[in-house]
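*Asks:* Pasting the sequence and the predicted coordinates here, then a few questions.
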Amino acid sequence: MIRNLIFLVIFTVSYAEIVQLTDATFEHQTQASTGMTTGSWFVMFKAEQCGVCKKVLPEFKLLSEDEEISERGYILATVDVPSNRQTSSRFNIEGFPTLYLLHSRKMYKFRGKRTYENFKQFLLDSADLSEGIDIPAPLSELGLFVKEIQAGSRDLYKAAIGEHGVVGIVVVLLIMIMLFLILGLISLFFLPSKSENGDKKTN
């Protein structure tokens, strides 16, 4: 009896913890692209400086302490986006908090109001979810570089069309000015001058 009670306490505590995943541990712990034998993972991509994330975390913590969720084998985790760019790029994280359920080799994005009740209902209804997409494979260094270029291009485009307001437009203009200056310096130092061309013709 006592042995069973101790096991129950340990089991409950282990599942009440929210796992902090990193680029180094994400695939090893979740096995997201190799079978998911460790269970189904509900992952929140966040940032320390994000005010909304700080408001959502207590709701997420309540969910991790829910006995019914624990019994169904759901594991809750967080990923700090700024310090884990490889994982964040792998899942195309563009804002935070972003929450994904990784279940049966599929990923499902949570789109509701970020409350404990809605989180729980989302997980309990996961058997009926149908809009899941395949979990992307881990990124190589080259894949990460390409993703970063794509993300930067999207941000520049959004800034250029005014989605980031006046500040975004100013940033785009500054980048254009810098590019012109760089091209000017290249032409100044590496392209032959007119006088040199004239000297060559004279010779």
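*Replies:* Yep, it's here.
*Asks:* List the residues that contact A137.
*Replies:* Residues in contact with A137, defined by C-beta atoms under 8 Å, 6 or more residues apart in numbering, are S33, R90. Using the backbone N, CA and C atoms, a C-beta is placed for each residue, glycine as well.
*Asks:* and if we set it to 10 Å?
*Replies:* By C-beta atoms under 10 Å, 6 or more residues apart in numbering, the contact set of A137 is E27, A32, S33, T34, R90, G143.
*Asks:* which stretch of helix or strand covers it?
*Replies:* Using DSSP states H and E, A137 maps to neither a helix nor a strand.
*Asks:* thinking again about what came up before, hmm, which of the contacts of A137 are the buried ones?
*Replies:* Using 16 or more other C-beta atoms under 10 Å as the burial test, these include E27, A32, R90 as buried.
*Asks:* List just the nearest of the residues you listed to Y100.
*Replies:* A32 (9.8 Å; C-beta to C-beta).
*Asks:* Tell me if that closest one really is in a strand.
*Replies:* No. Looking at A32 with DSSP: H, G, I helix; E, B strand; the rest coil, it is coil, so not inside a strand.
*Asks:* Mind picking the two most distant members of the contacts of A137?
*Replies:* The most distant members of these, if one measures by C-beta to C-beta, are T34 and G143, lying 17.2 Å apart.
*Asks:* re earlier: could you dump the contacts of A137 into CSV and include distance to Y108?
*Replies:* Below are the contacts of A137 laid out as CSV (distance: C-beta to C-beta, whole Å):
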residue, distance to Y108
E27, 19
A32, 13
S33, 16
T34, 19
R90, 16
G143, 23
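*Asks:* nearest to S70, of the residues you listed?
*Replies:* Among the contacts of A137, and counting by C-beta to C-beta, the member closest to S70 is A32, at 20.2 Å.
*Asks:* Check the gap between that closest one and D66 for me.
*Replies:* 23 Å (C-beta to C-beta, to the nearest Å).
*Asks:* Please verify my assumption that Q31 contacts S40.
*Replies:* No. Using C-beta atoms under 10 Å, Q31 makes no contact with S40, being 11.1 Å away.
*Asks:* Give the intersection of the neighbour lists for those two.
*Replies:* Shared contacts of Q31 and S40, defined by C-beta under 10 Å, 6+ apart, comprise L102.
*Asks:* Show me which residues of the host helix or strand of M107 are buried.
*Replies:* Counting by DSSP H and E, the element that carries M107 is strand 106-109. Within strand 106-109, the residues scored as buried using 16+ other C-beta under 10 Å are K106, M107, Y108.
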